[in-house]
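Undergrad: Build me a structure from this.
(one chain, ligands or ions: 2)
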Amino acid sequence: MLKTLLGGLSPARFLREYWHKRPLLIRNALPGFAGLIAPAELLQLADRDDIESRLIQGQGQHWRLDHGPFAARDFRRLPKTDWTLLVQSINHVLPEADALLRHFDFLPHARLDDVMVSYAVPGGSVGPHVDSYDVFLLQGQGHRRWQISLQEDLALLDDMPLKILRRFQPQEEWVLGPGDMLYLPPQVAHHGVAEDHCTTYSIGFRAPAAEELAHAFLMHLQDTLTLEGRYADPDLVVPRHAGEISRAMLTQIEAMIARIQWNTRDIADFTGRYLSDPKPSVFFDPPDTPLSPAAFGKRAMQRGVALDPRSRLLFSGTQFFINGESFSPASAQRAALRQLADTRQLAAPRVQPLLALLHPWYCAGWLGIASA
Ligand code: SIN
Ligand code: CO
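TA: Ligands and ions are numbered 1, 2, ... in the order given. Sure, this is the predicted structure:
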């Protein structure tokens, strides 16, 4: 791993002392890094309807938020200062952004959300706010002044299209230049204002809310649950009130509902499917004329394979999950699959035992032949 990424800290020490706990400024985290995409190309990406983009204008008490896609003329109308374009999941469309994520492989893939890029003109900002997730803010081109605060007052301005802190009291500030990086745990107030034309790459981590998880788990249960039996009352006696729900009826229904149970395996199955499920905006590009299984096998065994940047492959014990689906591979396949999940690619000599599994993934656009 790149020694400079965490300012000389080992990943273990970073996790122990900073991760999810306190901010860390790292000067020159990625030496020579000056961004992955030119602003003009970013504006073009914001015109695609399969890419989530937002335009934020304003400062102080006045903010405006528009959602993409945006045409070139939308940008021509903008002032010279005080706006920011945010483009989400750039790692899905830019191989360099996917490669950037490999520097963060000391964190579990299951926690990763995406890489978002912001392009701001001088004065551009999204306002002082807190996020509910961990983020590494890596400066690309230009300079951004970051102010942070550990304040407890997280009250927001009323009636704003964005969550903007009502009273932001900065405690520390730095100007970040190309290759500098600021790590922020959740709930640290921050405000980043562009000093010049600048791009910032946010490597964001997902932290689902308990309610969101519970809701998704209940949906999963609904899809997988089978309960035998039906309400029965062979001992029914004439009721005093025909309109009343009897105690006996409630007791029987309570017992039926109490038969809904789950174990650690069910939780693992749900978690793997849930966390590997692509966001609704994700669409894969299957090959127009897919290779036959034999031709695919020959090529994969020459060049190796690589997951599509949009694919999510995770595992828990012997159970594997890809893009929301769960499967149990044969024991001879597991080591190579674990390697594919960890490194997102597999060298040619390791591909053979997986070919039957990988060809359908290739046909779905989930995986491709490694490039050179
Ligand atoms: C930005 O890049 O302008 C915003 C990133 C953030 O504050 O989370
Ligand atoms: Co933020």
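
Undergrad: burial of Leu275, as a residue count?
TA: Neighbourhood size, Leu275 [other C-beta atoms under 10 Å]: 20. Placement of C-beta: from N, CA and C, glycine included.

Undergrad: would it count as being in a helix?
TA: Yes. Leu275 sits within a helix when classified using DSSP: H, G, I helix; E, B strand; the rest coil.

Undergrad: dump the residue contacts of it.
TA: Shown in contact with Leu275 (C-beta atoms under 8 Å, 6 or more residues apart in numbering): Ala110, Arg312, Leu314, Phe321.

Undergrad: change it to 10 Å
TA: By C-beta atoms under 10 Å, 6 or more residues apart in numbering, the contact set of Leu275 is 108-112, 206, 208, 213, 312, 314, 316, 321, 324.

Undergrad: Just the buried residues out of the residues you listed, in PyMOL syntax.
TA: A single PyMOL command is used to select the members of the contacts of Leu275 judged buried by 16 or more other C-beta atoms under 10 Å:
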select buried, resi 109+110+112+312+314+316+321
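
Undergrad: Tell me the one of the contacts of Leu275 nearest ligand 1?
TA: Nearest to ligand 1, judged by C-beta to the nearest ligand atom, of the contacts of Leu275 is Arg206 at 13.9 Å.

Undergrad: which residues does the closest one contact?
TA: Arg206 sits in contact with Ala110, Arg111, Leu112, Asp113, Asp114, Ser132, Tyr133, Asp134, Leu275, where contact means C-beta under 10 Å, 6+ apart.

Undergrad: Does the residue in the stretch 151-300 of the chain that ligand 1 sits nearest to fall in a helix, a strand, or a coil region?
TA: Proximity of the stretch 151-300 of the chain to ligand 1 (C-beta to the nearest ligand atom) peaks at Thr200, 3.9 Å away. For Thr200, the secondary structure call by three-state DSSP comes out as strand.

Undergrad: which SS class is the residue lying closest to it once chain neighbours are set aside?
TA: Among residues not flanking Thr200 along the chain, Ser118 sits closest, at 4.9 Å (C-beta to C-beta, 6 or more residues apart in numbering). Under three-state DSSP, the three-state class of Ser118 is strand.

Undergrad: For the nearest residue to Gln171 once chain neighbours are set aside, give me its contacts.
TA: The shortest distance from Gln171 to any non-neighbouring residue, by C-beta to C-beta, 6+ apart, is to Ser149 (4.8 Å). The contact partners of Ser149, by C-beta under 10 Å, 6+ apart, come to 128, 130, 165, 167-173, 188-191.

Undergrad: circling back to that earlier point, tell me the one of the contacts of Arg206 nearest Asp158?
TA: Ser132 (20.1 Å; C-beta to C-beta).

Undergrad: who touches the closest one in this structure?
TA: Lys163, Pro186, Gln187, Arg206, Ala207, Pro208, Ala209.

Undergrad: so what pLDDT did it get?
TA: In this model, Ser132 is scored at 95, pLDDT.

Undergrad: Between the two ends of stretch 352-372, what distance do you get?
TA: Distance across stretch 352-372, first residue to last, is 18 Å (C-alpha to C-alpha, to the nearest Å).

Undergrad: Dig out what Thr199 forms beta bridges with.
TA: Tyr119 (DSSP bridges).

Undergrad: shift numbering so it begins at 388
TA: Yep, numbering from 388; the last one is Thr586 now.

Undergrad: before we move on, back to that, quick one: neighbours of the residue nearest to Thr587, just the number.
TA: By other C-beta under 10 Å, neighbour count at Ser505 equals 24.

Undergrad: Same check on Phe401?
TA: Here the number of neighbours of Phe401 (other C-beta under 10 Å) works out to 19.

Undergrad: One more: Asp518?
TA: By the criterion of other C-beta under 10 Å, Asp518 has 18 neighbours.

Undergrad: Could you tell me whether it really is in a strand?
TA: No. Applying three-state DSSP, one finds Asp518 to be coil, outside a strand.

Undergrad: how about the contacts of Leu662 in JSON lines, adding secondary structure, distance to Leu423 and pLDDT?
TA: Listed next are those as JSON lines, based on DSSP: H, G, I helix; E, B strand; the rest coil; distance: C-beta to C-beta, whole Å; pLDDT from 0 to 100:
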{"residue": "Pro495", "secondary structure": "coil", "distance to Leu423": "23", "pLDDT": "98"}
{"residue": "His496", "secondary structure": "helix", "distance to Leu423": "20", "pLDDT": "98"}
{"residue": "Ala497", "secondary structure": "helix", "distance to Leu423": "24", "pLDDT": "97"}
{"residue": "Arg498", "secondary structure": "helix", "distance to Leu423": "22", "pLDDT": "97"}
{"residue": "Leu499", "secondary structure": "strand", "distance to Leu423": "17", "pLDDT": "97"}
{"residue": "Arg593", "secondary structure": "coil", "distance to Leu423": "22", "pLDDT": "94"}
{"residue": "Pro595", "secondary structure": "coil", "distance to Leu423": "28", "pLDDT": "95"}
{"residue": "Leu600", "secondary structure": "helix", "distance to Leu423": "32", "pLDDT": "98"}
{"residue": "Arg699", "secondary structure": "coil", "distance to Leu423": "21", "pLDDT": "98"}
{"residue": "Leu701", "secondary structure": "strand", "distance to Leu423": "25", "pLDDT": "98"}
{"residue": "Ser703", "secondary structure": "strand", "distance to Leu423": "32", "pLDDT": "98"}
{"residue": "Phe708", "secondary structure": "strand", "distance to Leu423": "29", "pLDDT": "98"}
{"residue": "Gly711", "secondary structure": "coil", "distance to Leu423": "28", "pLDDT": "98"}
